[in-house]
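Peer 1: test case, fold it:
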Amino acid sequence: MKGIFLITILLMGLIVAHSFAQMGGGMMGGQKGGVGGGMMGGQQGQMMEHKGMMSHGEMMNNMMDMTNQMSGMMGNMSGMMKDMPKEHMKKMSEMMRDMSKEMMEMSKIMERGMASEKEMKKMHDRMMEMQNRKSDMEKK
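Peer 2: Predicted coordinates:
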């Protein structure tokens, strides 16, 4: 079981690293040299605001927060596996599958390089729901 957990963590790490590399790497990857962005930079910012799109920095901060939350959840789940009854294994499996889906969703957003505020809120809500389920599992 620990092997599966370790493989899952490594796989998630690879997905995030690959997605990050596909975006051009780092927070400065999408910025171009030169002084100021001219009129087009301002227009693009207004268009993003109008459509409810997040800025690159906001999106990356949200992604980092969610990745940190997942990492913490995985650490807690690892500790829970020591003396886990068989009936909890199915719930743990479902939780791991949901986390994997979230990582894939994050990967798709990072590949596109943009996300709407609505998309990020929805993803954040799913993350909170997973954390609540994990907490419920810890209580039992």
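
Peer 1: make it CA atoms for all contacts and neighbour counts henceforth
Peer 2: Fine.

Peer 1: what residues of the longest helix belonging to the chain count as buried?
Peer 2: Longest helix in the chain by number of residues (criterion: DSSP state H): helix 86-112. Across helix 86-112, burial judged by 16 or more other CA atoms under 10 Å covers 92, 95-96, 99-100, 102-104, 106-107, 109-111.

Peer 1: can you pull the buried residues of the helix or strand hosting residue 126?
Peer 2: With the criterion set as DSSP states H and E, the secondary-structure element containing residue 126 is helix 117-139. If you call a residue buried by 16+ other CA under 10 Å, then helix 117-139 has these buried ones: 117, 120, 123-124, 127, 130-131, 134.

Peer 1: next SSE downstream of the least confident helix or strand in the chain by mean pLDDT?
Peer 2: Every helix and strand in the chain was compared by mean pLDDT, DSSP states H and E; the lowest is helix 38-50, with a mean of 44. Under the assignment DSSP H and E, the closest C-terminal helix or strand after helix 38-50 is helix 56-80.

Peer 1: which residues touch that following helix?
Peer 2: Contacting residues not belonging to helix 56-80 are listed as 2, 5, 9, 27, 92, 99, 106, 113-115, 120, 124, 127, 131, 134, 138 [CA atoms under 8 Å, 6 or more residues apart in numbering].

Peer 1: on that earlier part again, and the buried residues of helix 117-139, which two are furthest apart?
Peer 2: Distance extremes for those: the farthest pair is 117 and 134 at 25.6 Å, using CA to CA.

Peer 1: how far does stretch 78-93 stretch from start to finish?
Peer 2: Using CA to CA, to the nearest Å, the end-to-end distance of stretch 78-93 comes out at 12 Å.

Peer 1: skip the chain neighbours and tell me the closest residue to residue 12.
Peer 2: For residue 12, the nearest residue in space outside its immediate sequence neighbours is residue 103; the separation is 6.7 Å by CA to CA, 6 or more residues apart in numbering.

Peer 1: look up how far residue 117 lies from the one you found.
Peer 2: Between residue 103 and residue 117 the distance, using CA to CA, works out to 18 Å.
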